[in-house]
Structure formats: structure tokens, C-alpha cells
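>>> Show me the folded form of this:
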Amino acid sequence: MLRSLFVLSMMLSVMITACGGGQPQIPTPPPAPKDHIIFMGNHEDNDDIFMVSADGTGLTNLTRSSNDDVLFAWSPDGRQILFVSDRDGNSEIYTMHANGAYPRNLSNHPADDGFPCWSPDGQKIAFVSNRDGNWEVYSMSPDGTQQTRLTTSPAVDGHPVWSPDSLLVAFVSQRDGNDEIYVMNSDGSKQTRLTIHPAGDTNPAWSPDGSRIAFESERDGNVELYVMNADGSNQYNLSQSEASDGDFAWSPNGQSIAFSSDRDGNAEIYLVRTSDGSLTNLTNDPGQDVLLSWSPDGLKIVFTSLRDDNADIYVMAPDGSNLQRLTEHPGDEWAPLWVP
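Residues are numbered from 1 along each chain as shown. Here you go, the predicted model:
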């Protein structure tokens, strides 16, 4: 009798372990197909996340939700997608496999959570939340555990971005009365102000080697593209225009930055070389061209264009040649991101 009970106990133990204590097990996500692009689209009166091959084939709706799903980032290994959704009644941070399977609520809090950013080493996700009464920067593990508040200012803190080595987080804070760029260690310690100007400085982005930070500033009376060293020194205006310049992305080799500007009367995508400021108009079209992303090898740029009366996804070479339209749906598609 005792032996029978022991055997039964062992069998139950194995079953519980195999079933994860009664919780469904999420399998290891497969890698995303190479040379593919994800983007946001509105095809059925709500925002979903789609995927398409870089040649325009294989268009797939990944989320298929009746709620709005907002695209934010890839995991560094290209196996998962970070997005924000209100499908649980408030703004929450989700992840899903690259094929859209196994969507999972990571933040799972009654307050609003958003603007997630995956660390390059894949170990943490930074995000913003108003769960403590105002917007602050938090971090958590990729499974949603170990949610930790990193900033403790009574002012608004937001827009966290990881350094390439995952040791630092740049962010924007209003603790000095206007938008300024700060940096801190990944645990929230040593918060240091990098920009000191009465005009707003926002949207920091690390260079691929981590030595510089590009950002947008209004210190010249309009939004312009600036670059500084990672310690805040040597801040200079890179775009040099009276028009609005922004919506930018570093090239993978760090030698140039692509950005959108209306200096020619409409939004165009330009390429500026960081070494000497030389500038090239890549799109040169009367339609609006915005929201760009580089391919990992630096050989292509994908972007959003309104040149055909609605927002569509296009791809081109970094010199503006080999232009190809990837989407042709009567709904809008925008904010493309390449598979890492």
C-alpha cells in the first residue's frame, strides 16, 4: 500500500513538473524569417501588426485583434516582438512570437504601461508606467517578472533607450522644467543630465558603437537633428536647416543617419554623413516620406510613404535607388521595422 502511494505521488510530481504546475508552457519561439519587415496597419478599423517579405510577398496579419496593437521593438535575437495593446482594458506591454503566436501580457498592471525597449543583451526590458502617480522609467525581465522602478522624480520621465552594451539607459526627463536627456546605469543609479538648454531635447538614440547619442532639439527655433558624445560633450547641429528635421535612424555602421525633413516643402528622407554633414535627398517625391528603418546589413532602407494617397511601405537602397512598393492595401501601413 505504501509503495503504491509512493508510486502515485511520483507520477503526480512528474505530471505537475511537465505541466508547469498546471500553467500552459510556452515553447521556445522560432526565429523570424530573414529579410522580412514588420509594420503597423489599419485594414479593419483597428491597428494590427503585420509582416511582409522585403520583396513584398507573404503579407501576414500577426495580431488579428479587435483592439489596437502598437508596434515597438524586436527582441535582439529576432524571435519575439514587443508591442503595446489595450486588449485588457488599459495600455499594457505584450510580447509574441515572431509569427504572432503566444501573445503574452508582460506588465499586467491596472495602470498604463508603454514605450518598451529591449536591452541588446536580451536580459531586460525598459518601459514607462504611471503606476506610481506619474510617468517613470521601469525595467523588467523578458518574462514580466522583477518589475523595478528606475526613476523617482516627481516630473515626467520617459523614452528609455538602451546603450549597445546594455549597461546604460538614456531617457528624457522634465525634472528641470523642460525636456532634457539623461543617462543612468541599468539599475537606475548615477542619473546624469547630458543636455542643459532651455529648449526641448528629446528622442535620444545611441550610435551602434555606443560612443555617441543623436537627438532632436528645438534650441535653434525648430526641430533639428543633433549629435553629442555619450558623456554629453561636443553637442552640435547635424541637420542645419530652418525646416523641421527628425524621425531619424543611425545606419548600422554608424557613419550616417537617415532622417525625415520638410525642407523641400514636404517630408522627404535624407541621408547625412556624420563626419562632415554632407546631405543627400533620397526620396525626392511630392508625397510625404517618413518613419524609416535600416536593414541590419545597411543595404536597404524601408519607410512609410503617402505618395499614393494613403500610407504604404516602400523600400530603397541607401542612395535612393531601387525603389519598390511593398504594400498596396487601401488601408494605411506605417512604422516598419526590419527583422534583426
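
>>> Of all the residues in stretch 200-212, which ones are buried?
200-207, 210, 212 (16 or more other CB atoms under 10 Å). To be clear about C-beta, it is placed using only N, CA and C from the backbone, and glycine gets the same treatment.

>>> For these, point out the one with the lowest pLDDT.
Within the buried residues of stretch 200-212, pLDDT reaches its minimum at Gly200, with 94.

>>> Skip the chain neighbours and tell me the closest residue to it.
Closest residue in space to Gly200, ignoring its immediate chain neighbours: Asp179 at 4.0 Å, by CB to CB, 6 or more residues apart in numbering.

>>> Tell me who's in contact with that neighbour.
By CB atoms under 8 Å, 6 or more residues apart in numbering, Asp179 lies in contact with 172-173, 200-202.

>>> cutoff 6 Å now
172, 200-202 (CB atoms under 6 Å, 6 or more residues apart in numbering).

>>> need the helices for this structure, in chain order.
2-18 (DSSP state H).

>>> Kindly report the domain assignment for it.
Domain ranges of the chain: 106-237, 251-340, per automatic domain parsing.

>>> do you know which of these lies nearest His43?
Minimum separation from His43 across these (CB to CB) falls at domain 251-340, 4.1 Å.

>>> pLDDT on the closest one, on average?
Domain 251-340 shows a mean pLDDT of 96.

>>> And that domain, how far out from the chain middle?
For domain 251-340, the separation from the chain centroid amounts to 17 Å (computed by CA atoms, centre = their mean, to the nearest Å).

>>> Endpoints of that domain, how far apart?
13 Å (CA to CA, to the nearest Å).

>>> And Met316, how far from Glu328?
17 Å (CB to CB, to the nearest Å).

>>> of these two, who's got more company?
Using other CB atoms under 10 Å as the criterion, Met316 and Glu328 rank with Met316 on top: 20 against 12.

>>> Could you measure from the nearest residue to the more buried one once chain neighbours are set aside over to Asn284?
Once flanking residues are discounted, Met316 sits nearest to Leu323: 4.6 Å by CB to CB, 6+ apart. Computed as CB to CB, the Leu323 to Asn284 distance reads 10 Å.

>>> cool, and Ala258?
14 Å.

>>> out of those two, which sits in the busier spot?
Neighbour comparison, Ala258 and Asn284: the larger count goes to Ala258, with 21 against 12 (by other CB under 10 Å).

>>> How about the contacts made by that one?
Applying CB under 6 Å, 6+ apart, the residues contacting Ala258 are 249, 271, 292, 301.

>>> What is the neighbour count of the last one?
This points to Ile301. Residues near Ile301, counting by other CB under 10 Å, number 25.

>>> in stretch 317-331, what counts as buried?
318, 320, 326-327.

>>> Kindly report the same for stretch 80-89.
80-85.

>>> just stretch 59-71 next, same as before
Residues of stretch 59-71 classed as buried: 59, 62-63, 65, 68-71 (neighbour count, 16+ other CB under 10 Å).

>>> In space, what's closest to Asn185 - neighbours in sequence excluded?
Nearest one to Asn185, counting by CB to CB, 6+ apart, is Leu168 at 6.4 Å.

>>> quick one: pLDDT of that neighbour?
Note for Leu168: predicted pLDDT of 98.

>>> Tell me how many other residues crowd it.
Leu168, neighbours per other CB under 10 Å, totals 19.

>>> now it: how far from Ser293?
From Leu168 across to Ser293, the span is 23 Å (CB to CB).

>>> Enumerate every residue touching Phe248.
Phe248 makes contacts with 225, 257, 259, as judged by CB under 6 Å, 6+ apart.

>>> That should have said Gly78, apologies.
With CB under 6 Å, 6+ apart, Gly78 has these contacts: 31-32, 339-340.

>>> same deal with Asn266?
By CB under 6 Å, 6+ apart, the neighbours of Asn266 are Gln288.

>>> Please renumber the chain so that the first residue is 11 from this point on.
Taking 11 as the first residue, the last one we looked at is Asn276.

>>> got the phi/psi numbers for it?
The phi/psi pair for Asn276 (degrees, to the nearest 10) reads phi -150, psi 170.

>>> From the buried residues of stretch 210-222, which land in strands?
Those of the buried residues of stretch 210-222 mapping onto strands are 211-216, 222, per DSSP state E.

>>> Next, give me the two most distant ones among those residues.
Longest span within these, CB to CB: Thr212 and Arg222, 16.5 Å.

>>> which residue sits closest to Pro328, ignoring its sequence neighbours?
Nearest to Pro328 is Ile311, by CB to CB, 6+ apart, at 5.9 Å.

>>> who's the one you found bridged to?
For Ile311, the beta-bridge partners are Trp304, Met326 (DSSP bridges).

>>> So it versus Pro346, what's the distance?
10 Å.

>>> same question, Pro130
20 Å.

>>> So which of these two has more stuff around it?
Using other CB under 10 Å as the criterion, Pro130 and Pro346 rank with Pro346 on top: 24 against 17.

>>> Tell me which residues touch Asp342, please.
52, 320-321.

>>> ok, back up a step: of the buried residues of stretch 90-99, closest to His169?
Once CB to CB is applied, the member of the buried residues of stretch 90-99 that ends up nearest His169 is Val94, at 13.9 Å.

>>> list the contacts for that closest one?
80, 101, 103, 124.

>>> if you set the cut-off to 8 Å instead, what comes out?
Val94 neighbours (CB under 8 Å, 6+ apart): 79-80, 82, 101-104, 123-126.
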